[in-house]
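> Turn this into a model:
(one chain, ligands or ions: 2)
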Amino acid sequence: MKELHSFAWYAARISPKLPKKAFKPVPGRLWGGLAYLLIVIAGFLTIGLFSLNPFIYLAIAIVLGTSFAAMGFLGHEILHGTVVRKPWLRDLLGAIAFWPLSTGPRLWRKWHNLTHHVHTQKEDHDPDSWPTLERLSKTKILSWIYRLPQGFRAFVSFCSLTVMFSLHSAKMFTAYIKEFNPKHQPSVWMQFILPWVFWISLLFIMGPFKWFFAFLLPLFIANAIVMGYISTNHRLNPITEVNDPLANSLTVTVPKWVDVLHFNFSYHTEHHLFPGMSSKYYPLVKEHIKSMWPERYHEMPIGKALVALWKTPRIYYEGNKLIDPRQGHVYETLGHGLDISNITFNKLDKEDTLVRIIKKSKAKIGKVVKEE
Ligand SMILES: [Zn+2]
Ligand SMILES: [Zn+2]
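Numbering: from 1, shown residues only. Ligands and ions are numbered 1, 2, ... in the order given. Reported below is the predicted structural model:
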(Lines give C-alpha, C1' and ligand atoms only; values in the text may rest on other atoms or scores of the structure.)
(Ligands and ions follow the chains in the order given, each with its own letter.)
Protein backbone atom coordinates (compact mmCIF):
# COMPACT_ATOMS: atom_id res chain seq x y z
CA MET A 1 0.00 0.00 0.00
CA LYS A 2 1.42 3.36 -1.05
CA GLU A 3 1.85 5.97 1.62
CA LEU A 4 -0.67 8.79 1.26
CA HIS A 5 0.30 12.46 1.16
CA SER A 6 -1.70 15.65 1.53
CA PHE A 7 -2.22 17.99 -1.45
CA ALA A 8 0.16 20.44 0.22
CA TRP A 9 2.92 17.77 0.20
CA TYR A 10 2.66 17.39 -3.58
CA ALA A 11 2.20 21.12 -4.17
CA ALA A 12 5.36 21.90 -2.20
CA ARG A 13 7.35 19.55 -4.46
CA ILE A 14 5.95 20.84 -7.75
CA SER A 15 5.81 24.57 -6.95
CA PRO A 16 9.56 25.22 -7.36
CA LYS A 17 9.38 23.80 -10.88
CA LEU A 18 6.61 26.15 -12.00
CA PRO A 19 7.06 29.65 -13.41
CA LYS A 20 6.13 32.53 -11.08
CA LYS A 21 3.32 33.67 -13.35
CA ALA A 22 1.48 30.39 -12.66
CA PHE A 23 0.67 31.70 -9.17
CA LYS A 24 -0.85 34.95 -10.41
CA PRO A 25 -4.52 35.52 -11.26
CA VAL A 26 -5.42 35.42 -14.94
CA PRO A 27 -8.07 38.10 -15.64
CA GLY A 28 -7.85 37.22 -19.35
CA ARG A 29 -10.19 34.28 -18.57
CA LEU A 30 -12.98 36.87 -18.39
CA TRP A 31 -12.93 37.34 -22.17
CA GLY A 32 -14.21 33.80 -22.49
CA GLY A 33 -16.86 34.57 -19.88
CA LEU A 34 -17.91 37.70 -21.78
CA ALA A 35 -18.23 35.71 -25.00
CA TYR A 36 -20.53 33.19 -23.27
CA LEU A 37 -22.56 35.97 -21.67
CA LEU A 38 -23.12 37.64 -25.05
CA ILE A 39 -24.12 34.30 -26.60
CA VAL A 40 -26.62 33.73 -23.79
CA ILE A 41 -28.12 37.23 -24.14
CA ALA A 42 -28.34 36.82 -27.93
CA GLY A 43 -30.04 33.43 -27.43
CA PHE A 44 -32.62 34.88 -25.01
CA LEU A 45 -33.39 37.78 -27.36
CA THR A 46 -33.75 35.50 -30.38
CA ILE A 47 -36.11 33.14 -28.59
CA GLY A 48 -37.96 35.95 -26.83
CA LEU A 49 -38.48 38.29 -29.77
CA PHE A 50 -38.95 36.00 -32.76
CA SER A 51 -41.44 33.28 -33.58
CA LEU A 52 -39.29 30.58 -35.12
CA ASN A 53 -39.46 26.91 -35.97
CA PRO A 54 -39.17 24.86 -32.72
CA PHE A 55 -36.12 23.08 -34.17
CA ILE A 56 -34.32 26.41 -34.29
CA TYR A 57 -35.31 26.97 -30.67
CA LEU A 58 -33.93 23.51 -29.91
CA ALA A 59 -30.60 24.36 -31.56
CA ILE A 60 -30.44 27.59 -29.57
CA ALA A 61 -31.28 25.68 -26.38
CA ILE A 62 -28.29 23.38 -26.96
CA VAL A 63 -26.00 26.38 -27.43
CA LEU A 64 -27.46 27.99 -24.30
CA GLY A 65 -27.02 24.79 -22.27
CA THR A 66 -23.37 24.41 -23.23
CA SER A 67 -22.84 28.11 -22.46
CA PHE A 68 -24.51 27.78 -19.04
CA ALA A 69 -22.19 24.87 -18.23
CA ALA A 70 -19.07 26.69 -19.43
CA MET A 71 -20.04 29.74 -17.38
CA GLY A 72 -20.33 27.44 -14.35
CA PHE A 73 -16.78 26.16 -14.97
CA LEU A 74 -15.54 29.74 -15.16
CA GLY A 75 -17.55 30.61 -12.03
CA HIS A 76 -15.77 27.76 -10.21
CA GLU A 77 -12.44 29.24 -11.24
CA ILE A 78 -13.41 32.82 -10.40
CA LEU A 79 -14.61 31.84 -6.91
CA HIS A 80 -11.28 30.12 -6.21
CA GLY A 81 -9.78 33.60 -6.70
CA THR A 82 -7.70 32.63 -9.72
CA VAL A 83 -9.15 35.25 -12.07
CA VAL A 84 -9.38 38.39 -9.93
CA ARG A 85 -8.25 38.85 -6.34
CA LYS A 86 -10.56 41.59 -5.03
CA PRO A 87 -13.19 39.75 -2.93
CA TRP A 88 -16.19 41.91 -3.97
CA LEU A 89 -15.32 41.66 -7.66
CA ARG A 90 -14.62 37.92 -7.36
CA ASP A 91 -18.05 37.40 -5.79
CA LEU A 92 -19.84 39.64 -8.28
CA LEU A 93 -18.28 37.93 -11.31
CA GLY A 94 -18.78 34.51 -9.68
CA ALA A 95 -22.46 35.32 -9.11
CA ILE A 96 -22.91 36.27 -12.79
CA ALA A 97 -21.11 33.15 -13.99
CA PHE A 98 -23.15 30.89 -11.69
CA TRP A 99 -26.41 32.76 -12.40
CA PRO A 100 -27.75 30.17 -14.88
CA LEU A 101 -27.08 27.37 -12.38
CA SER A 102 -28.55 29.55 -9.59
CA THR A 103 -25.73 28.91 -7.11
CA GLY A 104 -24.72 31.86 -4.92
CA PRO A 105 -21.02 32.71 -4.50
CA ARG A 106 -21.00 32.62 -0.70
CA LEU A 107 -22.69 29.24 -0.57
CA TRP A 108 -20.40 27.88 -3.29
CA ARG A 109 -17.24 28.99 -1.54
CA LYS A 110 -18.36 27.38 1.72
CA TRP A 111 -19.57 24.16 0.14
CA HIS A 112 -16.84 23.75 -2.46
CA ASN A 113 -13.70 25.68 -1.44
CA LEU A 114 -13.93 25.28 2.33
CA THR A 115 -15.53 21.86 2.55
CA HIS A 116 -15.11 19.74 -0.59
CA HIS A 117 -11.48 20.79 -1.18
CA VAL A 118 -10.46 20.46 2.46
CA HIS A 119 -12.23 17.16 3.20
CA THR A 120 -12.19 15.47 -0.21
CA GLN A 121 -13.51 11.92 -0.08
CA LYS A 122 -13.99 11.86 3.68
CA GLU A 123 -17.40 10.42 3.98
CA ASP A 124 -18.68 12.40 6.95
CA HIS A 125 -17.28 15.74 5.85
CA ASP A 126 -17.19 15.90 2.05
CA PRO A 127 -20.63 17.07 0.90
CA ASP A 128 -19.93 15.61 -2.54
CA SER A 129 -18.79 12.13 -1.51
CA TRP A 130 -20.89 9.02 -1.94
CA PRO A 131 -21.94 6.98 1.05
CA THR A 132 -20.38 3.94 2.56
CA LEU A 133 -22.37 0.83 3.21
CA GLU A 134 -22.77 1.91 6.83
CA ARG A 135 -24.30 5.23 5.86
CA LEU A 136 -26.49 3.59 3.23
CA SER A 137 -28.22 1.68 5.98
CA LYS A 138 -29.35 4.96 7.52
CA THR A 139 -30.67 6.48 4.30
CA LYS A 140 -34.08 5.12 3.39
CA ILE A 141 -34.20 6.37 -0.21
CA LEU A 142 -30.73 5.10 -1.01
CA SER A 143 -31.28 1.68 0.45
CA TRP A 144 -34.52 1.50 -1.56
CA ILE A 145 -32.66 2.50 -4.74
CA TYR A 146 -30.09 -0.22 -4.12
CA ARG A 147 -32.80 -2.88 -4.26
CA LEU A 148 -33.32 -2.11 -7.95
CA PRO A 149 -31.43 -4.09 -10.61
CA GLN A 150 -28.03 -2.62 -11.51
CA GLY A 151 -28.78 -1.74 -15.16
CA PHE A 152 -32.01 0.04 -14.29
CA ARG A 153 -30.32 1.86 -11.42
CA ALA A 154 -27.48 3.02 -13.68
CA PHE A 155 -30.03 4.26 -16.22
CA VAL A 156 -31.96 6.22 -13.60
CA SER A 157 -28.83 7.67 -12.05
CA PHE A 158 -27.51 8.79 -15.46
CA CYS A 159 -30.89 10.43 -16.22
CA SER A 160 -30.73 12.17 -12.84
CA LEU A 161 -27.50 13.87 -13.89
CA THR A 162 -29.70 16.30 -15.86
CA VAL A 163 -31.02 17.77 -12.61
CA MET A 164 -28.42 16.69 -10.07
CA PHE A 165 -26.32 19.85 -9.87
CA SER A 166 -29.38 22.04 -9.29
CA LEU A 167 -30.83 19.66 -6.70
CA HIS A 168 -27.53 19.24 -4.89
CA SER A 169 -27.02 22.99 -4.88
CA ALA A 170 -30.44 23.53 -3.27
CA LYS A 171 -29.62 20.78 -0.76
CA MET A 172 -26.33 22.50 0.09
CA PHE A 173 -28.23 25.73 0.73
CA THR A 174 -30.46 24.04 3.29
CA ALA A 175 -27.51 22.17 4.79
CA TYR A 176 -25.24 25.20 5.24
CA ILE A 177 -27.43 28.27 5.66
CA LYS A 178 -27.49 27.95 9.46
CA GLU A 179 -23.70 27.65 9.62
CA PHE A 180 -23.21 31.14 8.20
CA ASN A 181 -22.63 34.00 10.56
CA PRO A 182 -26.12 35.53 11.15
CA LYS A 183 -24.72 38.78 9.77
CA HIS A 184 -24.07 37.08 6.42
CA GLN A 185 -27.20 34.92 6.24
CA PRO A 186 -29.37 37.58 4.50
CA SER A 187 -26.85 37.87 1.65
CA VAL A 188 -26.68 34.08 1.27
CA TRP A 189 -30.48 34.05 1.08
CA MET A 190 -30.45 36.85 -1.51
CA GLN A 191 -27.87 35.04 -3.63
CA PHE A 192 -30.07 31.95 -3.54
CA ILE A 193 -33.37 33.70 -4.29
CA LEU A 194 -32.41 36.37 -6.84
CA PRO A 195 -31.44 34.05 -9.71
CA TRP A 196 -34.71 32.15 -9.26
CA VAL A 197 -36.70 35.42 -9.19
CA PHE A 198 -35.00 36.27 -12.45
CA TRP A 199 -35.72 32.91 -14.09
CA ILE A 200 -39.32 32.81 -12.93
CA SER A 201 -39.85 36.39 -14.14
CA LEU A 202 -38.52 35.28 -17.49
CA LEU A 203 -41.21 32.58 -17.52
CA PHE A 204 -43.92 35.24 -17.18
CA ILE A 205 -42.29 37.46 -19.79
CA MET A 206 -41.72 34.74 -22.41
CA GLY A 207 -44.52 32.30 -21.67
CA PRO A 208 -43.91 28.61 -20.87
CA PHE A 209 -43.18 27.39 -24.41
CA LYS A 210 -40.34 29.84 -25.11
CA TRP A 211 -39.11 29.61 -21.52
CA PHE A 212 -38.68 25.87 -21.90
CA PHE A 213 -36.18 26.46 -24.72
CA ALA A 214 -34.56 29.55 -23.21
CA PHE A 215 -34.07 28.26 -19.67
CA LEU A 216 -35.40 24.87 -18.64
CA LEU A 217 -33.95 22.70 -21.42
CA PRO A 218 -30.59 24.56 -21.34
CA LEU A 219 -30.56 24.03 -17.56
CA PHE A 220 -30.96 20.26 -18.03
CA ILE A 221 -28.21 20.24 -20.65
CA ALA A 222 -25.90 22.29 -18.44
CA ASN A 223 -26.59 19.98 -15.48
CA ALA A 224 -25.71 16.97 -17.64
CA ILE A 225 -22.44 18.51 -18.85
CA VAL A 226 -21.35 19.75 -15.45
CA MET A 227 -22.32 16.49 -13.72
CA GLY A 228 -20.69 14.47 -16.52
CA TYR A 229 -17.40 15.86 -15.23
CA ILE A 230 -18.23 16.06 -11.52
CA SER A 231 -19.42 12.47 -11.35
CA THR A 232 -16.05 11.29 -12.64
CA ASN A 233 -13.97 13.55 -10.35
CA HIS A 234 -13.78 11.20 -7.36
CA ARG A 235 -16.36 8.46 -7.66
CA LEU A 236 -14.13 5.77 -9.10
CA ASN A 237 -11.50 6.54 -6.48
CA PRO A 238 -11.33 5.18 -2.93
CA ILE A 239 -12.24 6.99 0.26
CA THR A 240 -8.96 8.11 1.77
CA GLU A 241 -7.91 8.87 5.33
CA VAL A 242 -5.46 11.49 4.08
CA ASN A 243 -6.70 14.00 1.51
CA ASP A 244 -4.34 12.75 -1.20
CA PRO A 245 -5.50 14.02 -4.62
CA LEU A 246 -3.41 11.47 -6.49
CA ALA A 247 -5.26 8.71 -4.69
CA ASN A 248 -8.73 10.21 -4.39
CA SER A 249 -9.12 12.21 -7.62
CA LEU A 250 -9.29 11.45 -11.31
CA THR A 251 -8.27 13.62 -14.25
CA VAL A 252 -10.28 12.90 -17.37
CA THR A 253 -9.14 13.66 -20.88
CA VAL A 254 -11.25 15.35 -23.53
CA PRO A 255 -10.41 16.69 -27.00
CA LYS A 256 -8.33 19.88 -26.87
CA TRP A 257 -11.16 22.07 -28.19
CA VAL A 258 -13.42 20.84 -25.38
CA ASP A 259 -10.76 21.84 -22.85
CA VAL A 260 -10.71 25.29 -24.44
CA LEU A 261 -14.50 25.61 -24.25
CA HIS A 262 -14.59 24.27 -20.66
CA PHE A 263 -11.64 26.19 -19.19
CA ASN A 264 -9.59 22.99 -18.58
CA PHE A 265 -12.14 21.68 -16.10
CA SER A 266 -11.03 18.13 -16.96
CA TYR A 267 -7.80 18.51 -14.93
CA HIS A 268 -9.31 17.64 -11.57
CA THR A 269 -6.32 16.07 -9.81
CA GLU A 270 -4.21 19.10 -10.76
CA HIS A 271 -7.02 21.32 -9.47
CA HIS A 272 -6.97 19.62 -6.06
CA LEU A 273 -3.21 20.13 -5.84
CA PHE A 274 -3.42 23.81 -6.75
CA PRO A 275 -7.01 25.07 -6.28
CA GLY A 276 -5.73 28.65 -6.14
CA MET A 277 -3.98 28.40 -9.50
CA SER A 278 -5.56 29.30 -12.83
CA SER A 279 -6.49 26.16 -14.74
CA LYS A 280 -4.58 27.67 -17.65
CA TYR A 281 -1.45 26.16 -16.06
CA TYR A 282 -2.84 22.70 -15.24
CA PRO A 283 -1.38 21.04 -18.36
CA LEU A 284 2.03 22.08 -17.03
CA VAL A 285 1.25 20.75 -13.54
CA LYS A 286 0.13 17.49 -15.15
CA GLU A 287 3.49 17.08 -16.90
CA HIS A 288 5.28 17.40 -13.55
CA ILE A 289 2.95 14.99 -11.75
CA LYS A 290 3.41 12.43 -14.50
CA SER A 291 7.16 12.71 -14.40
CA MET A 292 7.37 12.57 -10.59
CA TRP A 293 4.64 10.10 -9.56
CA PRO A 294 3.49 8.30 -12.71
CA GLU A 295 2.44 5.20 -10.77
CA ARG A 296 0.07 7.17 -8.52
CA TYR A 297 -1.60 9.34 -11.13
CA HIS A 298 -5.02 8.45 -12.55
CA GLU A 299 -6.28 9.70 -15.90
CA MET A 300 -8.59 8.32 -18.57
CA PRO A 301 -10.82 9.54 -21.40
CA ILE A 302 -14.08 10.90 -20.04
CA GLY A 303 -16.09 8.37 -22.06
CA LYS A 304 -14.30 5.46 -20.39
CA ALA A 305 -14.80 7.01 -16.97
CA LEU A 306 -18.55 7.32 -17.61
CA VAL A 307 -18.78 3.72 -18.80
CA ALA A 308 -16.94 2.63 -15.65
CA LEU A 309 -19.42 4.64 -13.57
CA TRP A 310 -22.31 2.95 -15.35
CA LYS A 311 -20.90 -0.49 -14.60
CA THR A 312 -20.03 -0.01 -10.93
CA PRO A 313 -22.17 0.69 -7.85
CA ARG A 314 -21.65 3.86 -5.79
CA ILE A 315 -21.59 2.47 -2.28
CA TYR A 316 -18.21 2.32 -0.62
CA TYR A 317 -17.19 -0.83 1.16
CA GLU A 318 -14.13 -1.07 3.40
CA GLY A 319 -12.91 2.30 2.05
CA ASN A 320 -11.31 1.15 -1.15
CA LYS A 321 -14.02 -1.02 -2.66
CA LEU A 322 -17.48 -0.46 -4.09
CA ILE A 323 -20.34 -2.79 -3.30
CA ASP A 324 -23.67 -3.65 -4.82
CA PRO A 325 -25.43 -4.65 -1.59
CA ARG A 326 -28.29 -6.30 -3.47
CA GLN A 327 -26.09 -9.00 -4.89
CA GLY A 328 -23.01 -8.76 -2.72
CA HIS A 329 -20.89 -7.85 -5.76
CA VAL A 330 -17.68 -6.10 -4.77
CA TYR A 331 -15.68 -3.96 -7.21
CA GLU A 332 -12.24 -2.45 -6.82
CA THR A 333 -11.52 1.30 -7.02
CA LEU A 334 -8.77 3.16 -8.92
CA GLY A 335 -5.35 2.37 -7.54
CA HIS A 336 -6.72 -0.77 -5.86
CA GLY A 337 -7.15 -3.02 -8.85
CA LEU A 338 -10.03 -1.48 -10.81
CA ASP A 339 -9.25 -2.16 -14.46
CA ILE A 340 -11.53 0.08 -16.51
CA SER A 341 -11.09 -1.93 -19.69
CA ASN A 342 -12.15 -5.09 -17.93
CA ILE A 343 -14.43 -4.38 -15.02
CA THR A 344 -14.98 -7.43 -12.88
CA PHE A 345 -16.34 -8.09 -9.42
CA ASN A 346 -15.99 -10.57 -6.64
CA LYS A 347 -19.11 -12.09 -5.29
CA LEU A 348 -19.15 -12.07 -1.56
CA ASP A 349 -20.44 -15.17 0.03
CA LYS A 350 -23.90 -14.25 1.32
CA GLU A 351 -23.22 -15.43 4.86
CA ASP A 352 -19.90 -13.68 4.77
CA THR A 353 -21.51 -10.45 3.49
CA LEU A 354 -24.11 -10.54 6.22
CA VAL A 355 -21.63 -11.24 8.96
CA ARG A 356 -19.23 -8.54 7.81
CA ILE A 357 -21.89 -5.94 7.20
CA ILE A 358 -23.98 -6.59 10.27
CA LYS A 359 -20.90 -6.54 12.41
CA LYS A 360 -20.44 -2.96 11.28
CA SER A 361 -23.92 -1.61 11.22
CA LYS A 362 -26.48 -3.99 12.68
CA ALA A 363 -29.81 -4.96 11.27
CA LYS A 364 -31.00 -2.68 8.54
CA ILE A 365 -28.40 -3.17 5.88
CA GLY A 366 -28.64 -6.88 6.52
CA LYS A 367 -32.28 -6.59 5.52
CA VAL A 368 -31.32 -5.16 2.16
CA VAL A 369 -29.23 -8.18 1.42
CA LYS A 370 -31.58 -10.71 2.92
CA GLU A 371 -34.62 -9.54 0.97
CA GLU A 372 -33.05 -10.39 -2.35
ZN1 LIG B 1 -13.10 17.68 -6.38
ZN1 LIG C 1 -12.54 23.63 -6.95
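
> where along the stretch 51-200 of the chain do the helices fall?
Counting by DSSP state H, counting those that start in this stretch, the stretch 51-200 of the chain has helices at residues 54-79, 87-98, 105-108, 133-136, 140-145, 150-176, 185-206.

> Which parts of the stretch 251-372 of the chain are strands?
For the stretch 251-372 of the chain, applying DSSP state E, counting those that start in this stretch gives strands covering 251-253, 299-301, 315-317, 321-324, 329-332, 346-347.

> neighbouring strands for the fifth one, and are they parallel or not?
So that's strand 329-332. Looking at strand 329-332 with DSSP bridges, its partner strands are strand 321-324 (antiparallel), strand 346-347 (antiparallel).

> Just say which of these is most tucked in.
Of all the strands paired with strand 329-332, strand 321-324 has the most neighbours on average by mean count of other C-beta atoms under 10 Å, namely a mean of 23. (Each C-beta comes from the backbone N, C-alpha and C, glycine too.)

> who's in contact with it?
Applying C-beta atoms under 8 Å, 6 or more residues apart in numbering, the contact partners of strand 321-324 are 133, 146, 150, 238, 312-317, 329-333, 336, 345, 348.

> hmm, back to that, quick one: the strands of the stretch 251-372 of the chain as CSV, columns for mean pLDDT and distance to residue 65 too.
Listed next are the strands of the stretch 251-372 of the chain as CSV, based on pLDDT from 0 to 100; distance: least, C-beta to C-beta, whole Å:
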stretch, mean pLDDT, distance to residue 65
strand 251-253, 98, 20
strand 299-301, 97, 22
strand 315-317, 87, 31
strand 321-324, 89, 30
strand 329-332, 92, 32
strand 346-347, 88, 40
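
> Looking at these, which is nearest to residue 15?
strand 251-253 (18.7 Å; C-beta to C-beta).

> ok and the host helix or strand of residue 224 relative to helix 54-79, angle-wise?
Using DSSP states H and E, residue 224 sits within helix 217-233. Using axes from the mean of the first three to the mean of the last three C-alpha atoms, to 10 degrees, the inter-axis angle of helix 217-233 relative to helix 54-79 is 50 degrees.

> I'd like the numbering to begin with 443 instead of 1 from here.
Sounds good: first residue 443 from here, last item helix 659-675.

> right, and the helix or strand after helix 659-675?
Next helix or strand after helix 659-675 toward the C-terminus (DSSP H and E): helix 687-690.

> Report the rounded mean pLDDT for that next one.
The pLDDT scores in helix 687-690 average 95.

> contacts for it?
With C-beta under 8 Å, 6+ apart as the test, helix 687-690 has contacts from 444, 446-447, 449, 452, 562-563, 676, 679-682, 711, 714-715, 731, 735, 738-740, 777.

> Check whether residue 592 really touches residue 756, as I assumed.
No. With contact defined as C-beta atoms under 8 Å, residue 592 does not count as touching residue 756 (11.0 Å).

> Look at those two and report which has more neighbours.
Legend: neighbour count by other C-beta atoms under 10 Å for residue 592 and residue 756, higher for residue 756 (20 against 16).

> Identify the residues contacting the closest residue to the more buried one other than its chain neighbours.
If you skip the residues right next to it in sequence, residue 756 has residue 572 as its closest partner in space, 4.6 Å away by C-beta to C-beta, 6 or more residues apart in numbering. Contact analysis of residue 572 by C-beta under 8 Å, 6+ apart lists 677, 756-758.

> Check residue 789 too.
Counting by C-beta under 8 Å, 6+ apart, residue 789 touches 769-772.

> beta partners of it?
Beta-bridge pairing for residue 789 (DSSP bridges): residue 771.

> so how far is residue 768 from it?
Distance of residue 789 to residue 768, computed by C-beta to C-beta, to the nearest Å: 12 Å.

> what number of residues lie near residue 612?
Applying other C-beta under 10 Å, we find 15 residues neighbouring residue 612.

> Also residue 465?
Taking other C-beta under 10 Å as the criterion, the count of residues near residue 465 is 14.

> Quick check on it: phi, psi?
For residue 465, the backbone dihedrals (degrees, to the nearest 10) come out as phi -100, psi 10.

> Could I get the pLDDT score of it?
If you check residue 465, the pLDDT there is 96.

> so where's the protein shaky on pLDDT?
Across the chain, the ranges flagged by pLDDT under 70 are 443, 792-814.

> Repeat the analysis, applying 50 as the threshold.
The model of the chain has pLDDT under 50 over residues 800, 803-814.

> So it: which segments form each domain?
Residue ranges for the domains of the chain, per automatic domain parsing: 467-572+593-677, 747-812.

> could you dump the ones you listed to CSV with distance to residue 457?
Converted to CSV, the domains of the chain look like this (distance: least, C-beta to C-beta, whole Å):
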stretch, distance to residue 457
domain 467-572+593-677, 15
domain 747-812, 24
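
> quick one: which of those is nearest residue 698?
Of all the domains of the chain, domain 467-572+593-677 sits nearest to residue 698, with 15.0 Å by C-beta to C-beta.

> Give me the buried entries from the contacts of strand 763-766.
Neighbour counting over those (16 or more other C-beta atoms under 10 Å) leaves 575, 588, 592, 680, 754-759, 771-775, 787, 790 as the buried ones.

> quick one: which of the domains of the chain is nearest residue 696?
In terms of C-beta to C-beta, the element of the domains of the chain nearest to residue 696 is domain 467-572+593-677, at 8.8 Å.

> How far away from the center of its chain is that closest one?
Domain 467-572+593-677 sits 11 Å away from the centroid of its parent chain (C-alpha atoms, centre = their mean, to the nearest Å).
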